[in-house]
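Engineer: Have a look at this prediction, sequence included:
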Amino acid sequence: MTPALLPRIRAQLTLHTRRRVSGLLEGGRSSVFHGRSLDFDDLREYVPGDEIRDIDWKATARHTAPLVKRYAEHRRLRLGLVVASGATMDALSAGGESKRDLAILLAGIAGWFAVRGGDEVCLATGDGHRTRLSRPESSEAGLEHLLRRILSQRGTADAQTVLDHLAWLSTRLRRRHLLVVVSDEIDLDEDCLRLLRRLTAHHELLWLTVAEADPLALAAEGGTPYDAVAALQAAGGNGVRVPAGAHVPAGLTPDARLREEFARAEEQRRARTHRVLRAAGAVHETVGRTAEAVPAFHRLAERHRRVR
Amino acid sequence: MVTRPLLPLAVALGTLAVIAVALALALPARARGRLPVARLHRLTALPAYARVRRRALLRGLALLLVAALTCGFALAGVSRPTERETISPKRHLRDVMLCLDTSGSMIGYDAEIIEAYARMVDSFDGERIGMTVFNSTAVTVFPLTDDYDMASEFLQDAYDGLTTFGTEGLDFLMATQPQNVPGSSLIGDGLASCVEAFDRRDEDRSRSIVLATDNELAGTPLFSLDEAAGIAEDAGVRVYALAPESWYFTTALDELEAAAERTGGALHSMSDGAAIDRIVASVQETEARLTDGRTVTLFHDRPLVPLFGAGLGTLILLVAAWRLKL
């Protein structure tokens, strides 16, 4: 039995929020996660992800399919965690820890604020084959359960990214959600803009990127970085595969030109990601290590508040 | 070749090496417990990365080559390389002394003999040559030497002196007949003096005298020819006598021949100028034949090249290990 995940996350929060940002986040968050509204709007058919308690049993009894009560949406903003759980998450982050652990921490922070405010949290993540959307949870135990789902995918061969989850969600999420996306550095270009814009039209989109480890820096320190998963070589499109287990040899002679070229390419890619997300209307922050998680989350929340 | 008791050991070590290399190649990087990263293709797709990897590969191959060469040199050094040298000391251990009678009866032939000698010096290589003239007393013209330029000069001067009867070049006539020594043509004394002119008595060398005389004694020598031959024999010197042909004084020539043969030499008679060349050649041939069998085989250790190579290779490997922080 693995130790519970939430206490660690709470410890991080008390550590960082004691001084300055607690009040700020409360403000930002409270406006985001409203309590349950009583303004009944209409009835519609049940879709996965709807709360059981929203089902209008009496109306359902007169109908062939379950019906749920719909309230005024702007007051019913639910937190939707969209977390990458594929094979790439088992690699190292820029800070040298597992990207999966860092993603769990980030999802846990967001979820904990929601749960503490009495709001619901649902999780969309891969189960190894396709996207799964969880039931909404509003308790700490439920959040712990959600986080364990991310953890349980450790060692998977899943090649899905958050883009697959978001594409799946874009046609299924009816209610307005606050979507917090936790992903590693996937390739985001202008082709994704359509999908992202569709999402931001219906939902609030906050994007947290878990920064990748720099293989050159690791090799220079004497490590042997190897590719945790086989990946199609996107650049150039020549279809050359980097086989699983391909590695950068330890002590590869530090070459100024290579380092420069790699840094420039990475810089361009990150700038493009940022540009795409901003164009789509999403708020974006990057986290490299545990110590950066809470401050980055605070910045994200504050920027989100300003944007609205 | 590996000796028989070590053969199984060599086979076992070779098998182990092959297994180790196969294991190292077969194990993926993951199994060696290294750092997992994602999306490595963003680095590996760069042309600069391909260049760096190619360079690393070439460097690795070069180091492997250096290591192999070092091992080869070390093995060569361990096997103690020697160089076998067979020396035939016939030439460098040969001394030839020209012993010339300058008495009145020989004066007509001496120029020819010297001329032949001057020609012979050109064909020498390593032998030492000396010259002594005698009449009533012996004079060393030049001691045993391999400085052929000097020998040629002296022979030229001697030739001039003999052809002009002392007005040019070296005057042997006056020098070899001092007033206080009675008699002339003291052949025994001359031969004994020539024998005494040999140096390096402790070395095992081939020594020969070309004694040009007609053995016409005029006076009372300290040593008779026979006694002088005895001295020569004791000193291991062979005497090759060279006498003008004579139909009247055969007893003198017989005595000369007996003396020469006693020392292991022979008597040659000279009838014309060309005969002298022939005689000198025959003297050389005889000496060569007599000393030919003495060959010495030497083994020299030659560890310098392999040890230097192994040391240099080790140095390169150490520097490479330091530079690459292995």
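Structural biologist: Looks like it arrived, so ask away. Numbering: from 1, shown residues only, chains lettered A, B, ... in the order given.
Engineer: Do a quick rundown of the strands in chain A.
Structural biologist: Here chain A has its strands, by DSSP state E, at A:40-45, A:67-71, A:78-83, A:121-126, A:131-133, A:177-184, A:204-210, A:225-227, A:231-232, A:241-242, A:283-287.
Engineer: so who does residue 181 touch?
Structural biologist: Using chain A. With contact taken as CB atoms under 8 Å, 6 or more residues apart in numbering or on different chains, residue A:181 is in contact with A:82-83, A:162, A:166, A:205-208, A:282. In short, each C-beta sits where N, CA and C put it, glycine included.
Engineer: wrong chain, I was asking about chain B
Structural biologist: B:136-137.
Engineer: So in chain A, where's the weakest helix or strand by average pLDDT?
Structural biologist: One helix or strand of chain A scores below all others by mean pLDDT, DSSP states H and E: helix A:21-32, with a mean of 37.
Engineer: Just give me the closest of the contacts of residue A:181 to chain B.
Structural biologist: Set against chain B, the nearest of the contacts of residue A:181 by CB to the nearest CB is residue A:162 (13.7 Å).
Engineer: Setting aside sequence neighbours, what's the nearest residue to the closest one?
Structural biologist: In space, residue A:162 comes closest to residue A:183 once its chain neighbours are excluded; the distance is 4.1 Å by CB to CB, 6 or more residues apart in numbering or on different chains.
Engineer: Tell me what the one you found is bridged to.
Structural biologist: As for beta bridges, residue A:183 partners with residue A:209 under DSSP bridges.
Engineer: where does the stretch 1-150 of chain B have low pLDDT?
Structural biologist: For the stretch 1-150 of chain B, the stretches flagged by pLDDT under 70 are B:1-5, B:27-33, B:87-93, B:123-126.
Engineer: ok, which residues in it are in contact with chain A?
Structural biologist: Contact residues, the stretch 1-150 of chain B versus chain A (CB under 8 Å from any CB of the partner chain): B:28-30, B:32, B:34-49, B:51-53, B:55-56, B:59.
Engineer: let's go with 6 Å and repeat that
Structural biologist: B:28-30, B:34-41, B:43-46, B:48-49, B:52 (CB under 6 Å from any CB of the partner chain).
Engineer: from the residues you listed, which would you call buried?
Structural biologist: B:29, B:34-41, B:43-46, B:48-49, B:52 (16 or more other CB atoms under 10 Å in any protein chain shown).
Engineer: Mind checking which of those are in strands?
Structural biologist: Per DSSP E, the subset of those in strands is B:35-37.
Engineer: Could you work out the most separated pair of the contacts of residue A:181?
Structural biologist: Greatest spatial distance in the contacts of residue A:181: A:83 and A:282, 15.6 Å, computed using CB to CB.
Engineer: one step back: next one, pLDDT for the residue nearest to residue A:162 please.
Structural biologist: We note a pLDDT of 95 for residue A:183 in this prediction.
Engineer: With the one 3 residues further on instead?
Structural biologist: Residue A:186 is assigned a predicted lDDT (pLDDT) of 92.
Engineer: Phi and psi next, for the nearest residue to it once chain neighbours are set aside.
Structural biologist: In this structure, residue A:186 finds its nearest non-sequential neighbour in residue A:161, 4.8 Å apart by CB to CB, 6+ apart. With angles defined as degrees, to the nearest 10, residue A:161 sits at phi -120, psi 180.
Engineer: isn't residue A:161 right next to residue A:185, touching?
Structural biologist: No: with contact defined as CB atoms under 6 Å, residue A:161 does not reach residue A:185; the gap is 10.3 Å.
Engineer: Now the longest helix along chain B: buried residues?
Structural biologist: Scanning chain B for the longest helix, with DSSP state H as the assignment, gives helix B:47-78. Using 16+ other CB under 10 Å as the test for burial, helix B:47-78 gives B:48-49, B:52, B:56, B:63, B:66, B:70, B:73-74, B:76-77.
Engineer: Neighbours of the residue nearest to residue A:4 when sequence neighbours are not counted, how many?
Structural biologist: For residue A:4, ignoring the flanking residues on the chain, the nearest one in space by CB to CB, 6+ apart is residue A:144 at 5.9 Å. By other CB atoms under 10 Å in any protein chain shown, 18 other residues sit near residue A:144.
Engineer: pLDDT value on residue A:144, please?
Structural biologist: The per-residue pLDDT reported for residue A:144 equals 93.
Engineer: Could I get the full set of strands for chain B?
Structural biologist: Using DSSP E, strands in chain B cover B:35-37, B:82-87, B:94-101, B:128-134, B:138-145, B:206-212, B:237-244, B:267-270, B:296-301.
Engineer: okay, now residue 136: neighbour count?
Structural biologist: Just so you know, I chose chain A. Residue A:136: 23 surrounding residues under other CB under 10 Å.
Engineer: switch to chain B, that's the one I care about
Structural biologist: 22.
Engineer: That one reaches residue B:177, doesn't it?
Structural biologist: Yes: counting by CB under 6 Å, residue B:177 is a contact partner of residue B:136 at 5.0 Å.
Engineer: what's the residue closest to the geometric middle of chain A?
Structural biologist: For chain A, residue A:182 is the residue whose C-alpha lies nearest the centre (CA atoms, centre = their mean; 1.9 Å).
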